[in-house]
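Trainee: Okay, here's the prediction I keep looking at, along with the sequence it came from:
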Amino acid sequence: PSTPSSGSSSWTKRNVLGVNPLLSVSCPTIDLCVAEGAHAFVVSIDPTAGSPTWSSTTLVSDYAWTGLACPTRDLCVAVGSSSGVLTTRAPAQGSAWTFTNLGESGPFYGVSCATPTLCVVTDTDGDVLTSTNPTGSASAWIPVKLLGGDEHLITASCPSTTLCVVAGPPGTIIDSANPTGGASAWIATAVN
């Protein structure tokens, strides 16, 4: 696993959750990866070792978790078919995941955290939710209506606090240089 572009011989297959599919992965550093399955999380503090160890945390919730972002070693945020978010402050230490009900209908699809103080979540109602305190209470998440209620926003990517891009219906990209600035701060572009 030296570099992703160095050919197929540099990729190593590992079965870490048995038959459960892994749906999302985030590696905030070269010595920490967190992967998310439908009902469990697996964590490795040595993902590139010859025989890496992966520890598993099974979630008691019946929700399917489909999006994961770990901007640092000290924060992971997960979303899925629930009406809330899961967060942990210490994934490498097996810290408990805390569920915060956001009171939104959900399900949520994607999450991206540029820093521990900016996370953006997409949902199936054409909304994004932004937070500058993702481990805070539900009031720390601000919903922003970007599309009609029947249009899904699927994924988000926020490489910095001054750029977030979300994608949804065919050919639609919505971006913002000020993600917490409300609906007027987001610009939709049709991509042909």
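Mentor: All right, it came through fine.

Trainee: Any regions of this protein where pLDDT drops low?
Mentor: Filtered on pLDDT under 70, the chain yields the residue ranges 1-9, 16-20, 59-62, 94, 104-106, 149, 192.

Trainee: Let's check: the centremost residue of it is which one?
Mentor: Taking CA atoms, centre = their mean, the centroid of the chain lies closest to residue 68, which sits 2.8 Å from it.

Trainee: Describe which strands the helix or strand where it lies pairs with in its sheet and in which direction.
Mentor: For residue 68, the enclosing helix or strand under DSSP states H and E is strand 65-72. Paired strands of strand 65-72, with direction, are strand 75-80 (antiparallel) (DSSP bridges).

Trainee: Now do the next helix or strand after the partner strand and strand 75-80, the angle between them.
Mentor: Moving toward the C-terminus from strand 75-80, the next helix or strand (DSSP H and E) is strand 84-88. For strand 84-88 against strand 75-80, the angle by axes from the mean of the first three to the mean of the last three CA atoms, to 10 degrees is 150 degrees.

Trainee: mind listing what the host helix or strand of residue 128 pairs with, with the direction of each?
Mentor: Using DSSP H and E, residue 128 sits within strand 127-131. Strand 127-131 has the following strand partners under DSSP bridges: strand 118-123 (antiparallel), strand 141-145 (antiparallel).
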